[in-house]
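Sequence plus predicted model, see below.
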Amino acid sequence: MNISIVGTGYVGLVTGTCFADVGNQVLCVDNNQSKIDLLLDGKIPIYEPGLEELVSSNIAQQRLQFTTDINRAVAYADIIFIAVGTPPDEDGSADLSHVLAVAKAIGQTLTDYRVIVTKSTVPVGTAAKVRKAVQAELDARAVNVEFSVASNPEFLKEGAAIDDFMKPDRVVIGADDDRAVELLRSLYAPFNRNHERLIVMDIPSAELTKYAANAMLATKISFMNELSNLAERLDADIELVRQGIGSDPRIGYHFIYPGCGYGGSCFPKDVQALHRTARQHGYNARILDAVEAVNQDQKSVLLDKIDAHFDGDLSGKTFAIWGLAFKPNTDDMREAPSRVIIDGLLARGAKVKAYDPVATEEASHIYQQQQDVAFAGDLYSATADADGLIVVTEWKAFRSPDFTRLKSQLRTPVIFDGRNIYEPAMLAQAGFKYYGIGRSN
Ligand SMILES: NC(=O)c1ccc[n+]([C@@H]2O[C@H](COP(=O)([O-])OP(=O)(O)OC[C@H]3O[C@@H](n4cnc5c(N)ncnc54)[C@H](O)[C@@H]3O)[C@@H](O)[C@H]2O)c1
Ligand SMILES: O=c1ccn([C@@H]2O[C@H](COP(=O)(O)OP(=O)(O)O[C@H]3O[C@H](CO)[C@@H](O)[C@H](O)[C@H]3O)[C@@H](O)[C@H]2O)c(=O)[nH]1
């Protein structure tokens, strides 16, 4: 099948590459010329494990192409996916300007039947707006072209995007005509061999399913973060509580890790957008409100511990930070908790020496004006002569460091562990003062 993907970011590039990998002809479009130039040059603009190799091999097999020309994409494909960004607007609602600009551009050149699919995360009612925008352009051209609009939200996680796409838990398709469903069913057939993964529903339900999934996951995390704050006050260990409740299959072990808050390009913006949607429909979504508020506060929990340890005097101190990205295996710094922690340290007159296996370049753009933020090339260059170590992202390489070396390097042997990757008793034995999340300190 010929497929076009409009928007070649995390989702568009992974989607296009995976569809190409199972034998389709895919054309990826982006209006960012430098991104497309990079891809045409065989490089990829993001860090995502395994993606560069998969992109190269599909380019080499001539199944994957890149362009900035949307008209070419409209002419090329049976199915056109819209995978552009839907960032938060000033009031927290999803900004649909990119999605609707693409819909308009499609309507301006559409000549034959196409299925137009929203893959971006979009509020309920967006597919209807896409349909209207396309139809308005057809009307302006005084042409009559049949087309379908469908919703196919994406559930991949950064850092595991290829695996998530290739072996999805489910493929949600929102459609209101059989022709669109059949085309999408045949496109997804290679990902559906093991067992039925397609869940076909009406379009508003599909659109809401995406927000419901992210809001539920964010709720689990905020719930655990709230409990971790309580555990600290009760001299209980949240890690034991986590295991105690996770063993109940009705609760499960996934997404109940407490930490220094959730970040990334999805949870924060999607919880906010759903909250907005509720308000616009006259409903006050109290749980969503609490999920956001708890997360906001949680990003400062480590700062409070650092302040308390140093009696509120961080001026002139230098802190090593391990982990900048919002989670391991990505270079994505969007809404990363590290940013709140770094900003808080700088505001208190402290300096930062940070190390991240892949996000340093992204972070250096953010902090390029900041003389008090330096970046280290490895774990121990960050900790040399630092007043304390702060762990913000749970990269595997941080789990078993050389504690003897670390202790000899740090001016004060103190570790603030925002992801609970260390055992408090072991660190105490090694001579460190240890602060975790939700553990008695
Ligand atoms: N990042 C994720 O893990 C993830 C997972 C599931 C769903 N989503 C959703 O998917 C959508 C895309 O997210 P992303 O992280 O890939 O965003 P991104 O910012 O990485 O990529 C979006 C791309 O769209 C391009 N673009 C914008 N307007 C365009 C236009 N008019 N024509 C062509 N290209 C245009 C941008 O240049 C950019 O390259 C969002 O709605 C997001 O919420 C993201
Ligand atoms: O138990 C947990 C699990 C995650 N997190 C944090 O939650 C955030 C998001 O993590 P994750 O969900 O793994 O990453 P994303 O790539 O943002 O993926 C989410 O957002 C995507 C975009 O909508 C969806 O497609 C995915 O299904 C959904 O998991 C990160 O800051 C994590 O540190 C926790 O604090 N505790």
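That came in fine, so what should we check first? Numbers count the residues shown, from 1 in each chain. Ligands and ions are numbered 1, 2, ... in the order given.

which bits of the stretch 51-200 of the chain sit near ligand 1?
83, 84, 85, 86, 98, 101, 102, 120, 121, 154, 156, 158 (C-beta under 6 Å from any ligand atom). Where C-beta positions appear, they are placed from N, C-alpha and C, glycine not excepted.

Give me the nearest residue to residue 247, chain neighbours excluded.
What sits nearest to residue 247 in space, not counting adjacent residues and going by C-beta to C-beta, 6 or more residues apart in numbering, is residue 253, at 7.8 Å.

Quick check: that neighbour touching residue 246?
Yes. Using C-beta atoms under 8 Å, residue 253 makes contact with residue 246 at a distance of 3.8 Å.

related to what we said a few turns ago, top of the residues of the stretch 51-200 of the chain next to ligand 1 by neighbour count?
Neighbour count (other C-beta atoms under 10 Å) singles out residue 83 as the most crowded of those, with 30 neighbours.

Ramachandran angles for it?
phi -130, psi 40 (degrees, to the nearest 10).

what does residue 173 give?
Torsion angles, degrees, to the nearest 10, at residue 173: phi -130, psi 120.

Check whether it really touches residue 181, as I assumed.
Yes. Contact criterion C-beta under 8 Å: residue 173 and residue 181 qualify, at 6.3 Å.

For ligand 1, give me its nearest residue in the stretch 151-300 of the chain.
The nearest approach of the stretch 151-300 of the chain to ligand 1 comes at residue 154, 4.0 Å away (C-beta to the nearest ligand atom).

Return the backbone torsion pair for whichever residue of the chain sits closest to ligand 1.
The nearest approach of the chain to ligand 1 comes at residue 9, 1.7 Å away (C-beta to the nearest ligand atom). Per-residue torsions, residue 9: phi -100, psi -150 (degrees, to the nearest 10).

what separates the closest residue to it other than its chain neighbours from residue 122, distance-wise?
Among residues not flanking residue 9 along the chain, residue 85 sits closest, at 6.4 Å (C-beta to C-beta, 6+ apart). Residue 85 is 11 Å from residue 122, where distance means C-beta to C-beta, to the nearest Å.

same check, this time on residue 339
In terms of C-beta to C-beta, residue 339 sits 26 Å off from residue 122.

Neighbour count for those two, which is higher?
residue 122 (22 against 19).

Is that one in a helix, a strand, or coil?
Classification of residue 122 using DSSP: H, G, I helix; E, B strand; the rest coil returns coil.

Tell me who's in contact with it.
Residues in contact with residue 122 (C-beta atoms under 8 Å, 6 or more residues apart in numbering) are 86, 94, 96, 99, 151, 207.

Just confirm the fifth one contacts residue 202, I think it does.
No. With contact defined as C-beta under 8 Å, residue 151 and residue 202 do not form a contacting pair (9.2 Å).

between these two, who's got more neighbours?
Between residue 151 and residue 202, residue 151 has the larger neighbour count (other C-beta under 10 Å), namely 28 against 11.

Could you give the bridge partners of the nearest residue to that one once chain neighbours are set aside?
Distances taken as C-beta to C-beta, 6+ apart place residue 174 nearest to residue 151, at 3.6 Å, with adjacent residues excluded. On the basis of DSSP bridges, residue 174 is bridged to residue 151, residue 201.

what's the neighbour count on the residue of the chain closest to ligand 1?
Residue 9: 17 neighbours (other C-beta under 10 Å).

what's the distance between it and residue 271?
20 Å.

Report the contact partners of residue 259.
221, 225, 298, 337, 394, 418, 419, 420, 437.

And the first one, which helix or strand is it part of?
Translated: residue 221. helix 203-233 (DSSP states H and E).
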